[in-house]
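Student: all I have is the shape, not the residue letters:
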């Protein structure tokens, strides 16, 4: 039987959890994830975790932040005046918003705090700084 290697197109079922057991994503009840190993479309630790697996293999991999969504970067957290937030938006901690930057590009941010005068926004990926644990099952190598 052949083993998955760099350049192969593969299909993988997965369940991703945080260290506390919280599931953040899963392909259960969906089609398996279809990707080419080495394409750079997925986090590096996920792609490298599939290398060497054979069809039908299952395993659990642990991916440190550096091989996932990176470390949490404080320079991506900032405060803006509350008056910059449209009045029709009711703020909640953890709420995701889109901010239009001066160059016209949109940036996804998370509300990490607010008071009467300011709102703290975090532009880090929601999984930045987290160790990710994936249960993988290799379904197909093409």
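Tutor: Arrived safely, thanks for sending. What you are looking at is a predicted structure, and each value in this text was computed from that prediction instead of being measured.
Student: burial measure for the residue lying closest to residue 95 once chain neighbours are set aside, as a count.
Tutor: Spatially, and ignoring its direct neighbours in sequence, residue 95 is nearest to residue 111 (4.5 Å; CB to CB, 6 or more residues apart in numbering). To be clear about C-beta, it is placed using only N, CA and C from the backbone, and glycine gets the same treatment. Using other CB atoms under 10 Å, residue 111 is surrounded by 18 other residues.
Student: how about residue 37?
Tutor: Residues contacting residue 37 under the criterion other CB under 10 Å number 21.
Student: how near is it to residue 61?
Tutor: 14 Å (CB to CB, to the nearest Å).
Student: quick one: the residue nearest to residue 95 and residue 89 touch, right?
Tutor: No: taking contacts as CB atoms under 8 Å, residue 111 lies outside contact range of residue 89: 9.4 Å.
Student: pull up the overlap in contacts between those two.
Tutor: Shared contacts of residue 111 and residue 89 (CB atoms under 8 Å, 6 or more residues apart in numbering): residue 97.
Student: circling back: what is the three-state secondary structure of the residue nearest to residue 95?
Tutor: Following DSSP: H, G, I helix; E, B strand; the rest coil, residue 111 is assigned to strand.
Student: look up how far residue 76 lies from it.
Tutor: With CB to CB as the criterion, residue 111 and residue 76 are 14 Å apart.
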